[in-house]
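Student: mind folding the following:
(chains A and B)
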Amino acid sequence: GPKVLQIPSHQIIDMGQMVTLNCDPVSNHLYFYWYKQILGQQMEFLVNFYNGKVMEKSKLFKDQFSVERPDGSYFTLKIQPTALEDSAVYFCASSRHANTGQLYFGEGSKLTVL
Amino acid sequence: QQKVQQSPESLTVSEGAMASLNCTFSDGTSNNFRWYRQHSAKGLEVLVSIFSDGEKEEGRFTAHLNRANLHVSLHIREPQPSDSAVYLCAVSMSGGSNYKLTFGKGTLLTVTP
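Tutor: Numbering: from 1, shown residues only, chains lettered A, B, ... in the order given. Okay, the predicted model is just below:
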């Protein structure tokens, strides 16, 4: 089936550094999402993005977080600066439509902040 | 705020026996329910989506929804060892994006030969 690719699969960085997580969504999809899963906890919605804009974000989407998809390339989640509590697996997802059809997830990017 | 709880936390069944997983949610206006599974270090695979009370079957996977009881279940017919994974229930509320999902913590299913 359709694939969402995430790069890197794992990244270890020092607290305070910047990190960019990359997502290559399904090719004809228009809506993009990030979810966060802390070890042992449930997956939680961070943000959704359409037509170059954040449509909706949760309280987990701190001011240090930003998303963009410049010129149809990767959909990125940038954290600057990182904090210890940002350690988690971040899942990217995409869908063709806003409210119908399937939502496809990537395999996650595991971020470890030391 | 929506709460989604799954039970049991873990379940072991023998190959070929029916596996039943449960999910309760707190917001009765929820109208979009999905079951995903997650193999270790892999992405989420959608199994079945259900939007109205009753039953929805996708191959060996059947979801039952009872919104009055705030309950949705997943039944796996003739499970195989390859079905061993974490099963996640995801719920979204009406009036917003169907993909602003609230997930449960998951049920770890182990299918023994």
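
Student: what segments of chain B are strands?
Tutor: Per DSSP state E, chain B carries strands over the ranges B:4-7, B:10-14, B:19-25, B:30-38, B:44-50, B:54-58, B:61-66, B:71-76, B:85-93, B:102-103, B:107-112.

Student: distance check, the nearest residue to B:Glu58 once chain neighbours are set aside against A:Ser9.
Tutor: Once flanking residues are discounted, B:Glu58 sits nearest to B:Val48: 4.3 Å by C-beta to C-beta, 6 or more residues apart in numbering or on different chains. Any C-beta I mention is one placed from the backbone N, CA and C, and that applies to glycine too. With distances taken as C-beta to C-beta, to the nearest Å, B:Val48 is found 28 Å from A:Ser9.

Student: could I get the strands of chain B as JSON lines with mean pLDDT?
Tutor: Formatted as JSON lines, those follow (pLDDT from 0 to 100):
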{"stretch": "strand B:4-7", "mean pLDDT": "97"}
{"stretch": "strand B:10-14", "mean pLDDT": "97"}
{"stretch": "strand B:19-25", "mean pLDDT": "98"}
{"stretch": "strand B:30-38", "mean pLDDT": "92"}
{"stretch": "strand B:44-50", "mean pLDDT": "92"}
{"stretch": "strand B:54-58", "mean pLDDT": "97"}
{"stretch": "strand B:61-66", "mean pLDDT": "98"}
{"stretch": "strand B:71-76", "mean pLDDT": "98"}
{"stretch": "strand B:85-93", "mean pLDDT": "92"}
{"stretch": "strand B:102-103", "mean pLDDT": "93"}
{"stretch": "strand B:107-112", "mean pLDDT": "97"}
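
Student: these into CSV, with extra columns for distance to A:Asn28?
Tutor: Formatted as CSV, the strands of chain B follow (distance: least, C-beta to C-beta, whole Å):
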stretch, distance to A:Asn28
strand B:4-7, 30
strand B:10-14, 37
strand B:19-25, 31
strand B:30-38, 21
strand B:44-50, 18
strand B:54-58, 23
strand B:61-66, 26
strand B:71-76, 29
strand B:85-93, 22
strand B:102-103, 26
strand B:107-112, 33
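
Student: would you format these as a markdown table with mean neighbour count included?
Tutor: Shown next, in a markdown table, are the strands of chain B (neighbours: other C-beta atoms under 10 Å in any protein chain shown):
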| stretch | mean neighbour count |
| --- | --- |
| strand B:4-7 | 18 |
| strand B:10-14 | 14 |
| strand B:19-25 | 20 |
| strand B:30-38 | 22 |
| strand B:44-50 | 20 |
| strand B:54-58 | 13 |
| strand B:61-66 | 18 |
| strand B:71-76 | 21 |
| strand B:85-93 | 23 |
| strand B:102-103 | 22 |
| strand B:107-112 | 18 |
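
Student: interface residues of chain B facing chain A?
Tutor: Residues of chain B lying close to chain A by C-beta under 8 Å from any C-beta of the partner chain are B:4, B:34, B:36, B:41-44, B:46, B:49, B:88, B:96-106.
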